[in-house]
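A.B. asks: attaching a predicted model along with its sequence, questions to come.
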Amino acid sequence: MSRPKRIGVLTGGGDVPGLNSVIKSVTYRATDLGMEVVGFRRGWEGLTHVRPGGEPDPDYVRPLDRRSTRTIDRTGGTVLHTSRTNPARMKAASLPAWLTLDEAERYRTSEELYDLTPVVLDHLDALGIDALVPIGGDDTLSFARILVDRGVPLVAIPKTMDNDVPGTEYCIGFSSAITRAKELIDRQRTTLGSHERIGVFRIFGRDAGFSALFAAYVTSARCVIPEAPYNLEALAGLLADDHRLSPSHYAIVVTAEGAAWQGLNLEELGEPDAFGHRRKADVGQVLAGELTRLTGIPSLAIELTYDLRSGQPDALDQIVATTFANVAMDLLADGQFGRMVALRDGKYAETPLASTDSAPRRVDVEGMYNVERFRPRYDGRIGRPLLLVASGVPVPS
């Protein structure tokens, strides 16, 4: 295929700081390369709900140029907005308004679900999109993989606070999330000490504990992660010791939302989302109650979730976002499609986009986590990548 002349860009899943930097950098570099840029709003919904033909639909299509993107990198979030739409698994209530249920029958795959992948392909063709740059986590990029398998030229850019997209050591948004977590935890020390409590900080991480681990790394806190089911009594004993030894009589533990002690089966609540995920019960509240029962020390559950994805990116995320965008444009210009921009062994790289059934990347417990002390490992760092773990660590069975 010759160099693309008209490219599309979209952001899917949860917002993170740095997305606008990617959008701006893609647009600026595309302009240099003589390409036209179209932004699709609300993630993959922009490509299922748009109606090609006639005037551009401002709800779902936004032309991008240097003027319209000049200042967007000064704010967080995403100017293109986002959603968790999965065109391959859409419920009737989520179908576009222009598609009647009778017309939708051709896309039905089960009693409740419809596969609108053919609609996305038709819309890409009708809009003259030569290549796509989707920006998202493993859920958003799983549909990008479906499009690659259907022959759509694209280059993906990974983002998620969980930092668990397979194939890369780093995802946009991770550093900003850890920076925010450090600020919030450090700020809470005064009130925890004033009331002599144990602080239980719940952070994102359904399947992977990178966010909890690195938040603990920069705050010297204890942490528990999904990859290592733990002994609740042992954790309670260490936190009681921390509380006793602290001059202000407080202690801190960071728990990933998917971390559970041995014997605990975390309940999943609500209806599955478009990617099959249900919301985990609030492990922070449950853990705080158990710590109070076991230690006799008042324990307070504190959310470290949505605050971490708000506001401007920190310097590292700004650098990585800008560079990832330019690496993606290098690949598009060279006709290398079906790839994902990555960091591997601490270097900018590219890798095949993961298959749709790939598991999230997970913490290497032996190399990164001290299971007896409930802390990150601080020893043996010589030769380790900056982010402590190589991208190719196998997923535990």
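C.D. replies: Looks like it arrived, so ask away.
A.B. asks: quick one: contacts for residue 287?
C.D. replies: Applying Cβ atoms under 8 Å, 6 or more residues apart in numbering, we find residue 287 in contact with 200, 224, 253, 255, 261, 299, 301. The C-beta positions use only the backbone N, C-alpha and C, and glycine is treated the same way.
A.B. asks: from the chain's centroid, how far away is the helix or strand hosting the fourth one?
C.D. replies: When elements are defined using DSSP states H and E, residue 255 is found to belong to strand 251-256. On the basis of Cα atoms, centre = their mean, to the nearest Å, the separation between the geometric centre of strand 251-256 and that of its chain is 21 Å.
A.B. asks: and if you look at stretch 319-330?
C.D. replies: 17 Å.
A.B. asks: pLDDT of it, averaged?
C.D. replies: For stretch 319-330, mean pLDDT rounds to 97.
A.B. asks: repeat that for stretch 187-199.
C.D. replies: The average pLDDT for stretch 187-199 rounds to 97.
A.B. asks: got a list of what the closest residue to residue 243 other than its chain neighbours touches?
C.D. replies: The spatially closest residue to residue 243, leaving aside those adjacent along the chain, is residue 251, at 4.3 Å (Cβ to Cβ, 6 or more residues apart in numbering). By Cβ under 8 Å, 6+ apart, residue 251 lies in contact with 198, 199, 222, 239, 240, 242, 243, 297.
A.B. asks: quick check: residue 251 vs residue 157, distance?
C.D. replies: Plainly put, residue 251 is 39 Å away from residue 157 if you go by Cβ to Cβ, to the nearest Å.
A.B. asks: then residue 320?
C.D. replies: For residue 320, the distance to residue 157 - Cβ to Cβ - is 10 Å.
A.B. asks: more neighbours: which of these two?
C.D. replies: Neighbours were counted for residue 320 and for residue 157 using other Cβ atoms under 10 Å; residue 157 has more, 29 against 25.
A.B. asks: with adjacent residues omitted, what lies nearest to residue 161?
C.D. replies: The shortest distance from residue 161 to any non-neighbouring residue, by Cβ to Cβ, 6+ apart, is to residue 177 (4.0 Å).
A.B. asks: got the phi and psi for that neighbour?
C.D. replies: Per-residue torsions, residue 177: phi -60, psi -40 (degrees, to the nearest 10).
A.B. asks: what is the burial count for it?
C.D. replies: Neighbour tally, residue 177, other Cβ under 10 Å: 29.
A.B. asks: go on, the one 5 residues further on?
C.D. replies: Per other Cβ under 10 Å, the neighbour tally for residue 182 reads 16.
A.B. asks: so it sits against residue 217, correct?
C.D. replies: No: the criterion here is Cβ atoms under 8 Å, and residue 182 misses it with residue 217 at 9.4 Å.
A.B. asks: and for the two, which residues touch both?
C.D. replies: Contacts common to residue 182 and residue 217, judged by Cβ under 8 Å, 6+ apart, are absent.
A.B. asks: helix/strand/coil for the closest residue to residue 331 other than its chain neighbours?
C.D. replies: Once flanking residues are discounted, residue 331 sits nearest to residue 155: 4.7 Å by Cβ to Cβ, 6+ apart. Look at residue 155: counting by DSSP: H, G, I helix; E, B strand; the rest coil, its state is strand.
A.B. asks: against residue 88, how distant is residue 155?
C.D. replies: For residue 155 relative to residue 88 (Cβ to Cβ), the value is 20 Å.
A.B. asks: likewise for residue 350?
C.D. replies: For residue 350, the distance to residue 88 - Cβ to Cβ - is 25 Å.
A.B. asks: now the common contact residues for residue 320 and residue 157.
C.D. replies: Common neighbours of residue 320 and residue 157 (criterion: Cβ under 8 Å, 6+ apart): residue 172.
A.B. asks: contacts for stretch 62-71?
C.D. replies: Here stretch 62-71 makes contact (Cβ under 8 Å, 6+ apart) with 9, 20, 23-24, 27-28, 31, 36-41, 56, 79-80.
A.B. asks: 7 Å - rerun?
C.D. replies: Under the criterion Cβ atoms under 7 Å, 6 or more residues apart in numbering, residues 23, 24, 27, 28, 31, 37, 38, 39, 41, 56, 80 lie in contact with stretch 62-71.
A.B. asks: tell me the contacts of the third one?
C.D. replies: Pointing back at residue 27 there. Applying Cβ under 7 Å, 6+ apart, we find residue 27 in contact with 37, 64, 65, 66, 69.
A.B. asks: how about the last one?
C.D. replies: Residues in contact with residue 80, defined by Cβ under 7 Å, 6+ apart, are 10, 11, 23, 39, 40, 41, 62.
A.B. asks: cool, the fourth one as well?
C.D. replies: If you count contacts by Cβ under 7 Å, 6+ apart, residue 28 has them with residue 66.
A.B. asks: that one: which element?
C.D. replies: In this assignment (DSSP H and E), residue 28 forms part of helix 19-32.
A.B. asks: picking that back up, report the buried members of the contacts of stretch 62-71.
C.D. replies: Buried residues within these, counting neighbours by 16 or more other Cβ atoms under 10 Å: 23, 24, 27, 28, 37, 38, 39, 41, 80.
A.B. asks: any low-confidence regions in the protein?
C.D. replies: 1, 54-56, 266-280, 387-397 (pLDDT under 70).
A.B. asks: can you show me the helices along it?
C.D. replies: 19-32, 45-49, 66-69, 101-104, 117-126, 138-149, 174-195, 210-219, 232-245, 283-295, 315-333, 365-368 (DSSP state H).
A.B. asks: which one of these lies closest to residue 93?
C.D. replies: helix 101-104 (10.9 Å; Cβ to Cβ).
A.B. asks: would you check how far apart the closest residue to residue 179 other than its chain neighbours and residue 133 are?
C.D. replies: Leaving aside its chain neighbours, residue 179 sits nearest to residue 314 (4.6 Å; criterion: Cβ to Cβ, 6+ apart). Separation of residue 314 from residue 133 (Cβ to Cβ) stands at 23 Å.
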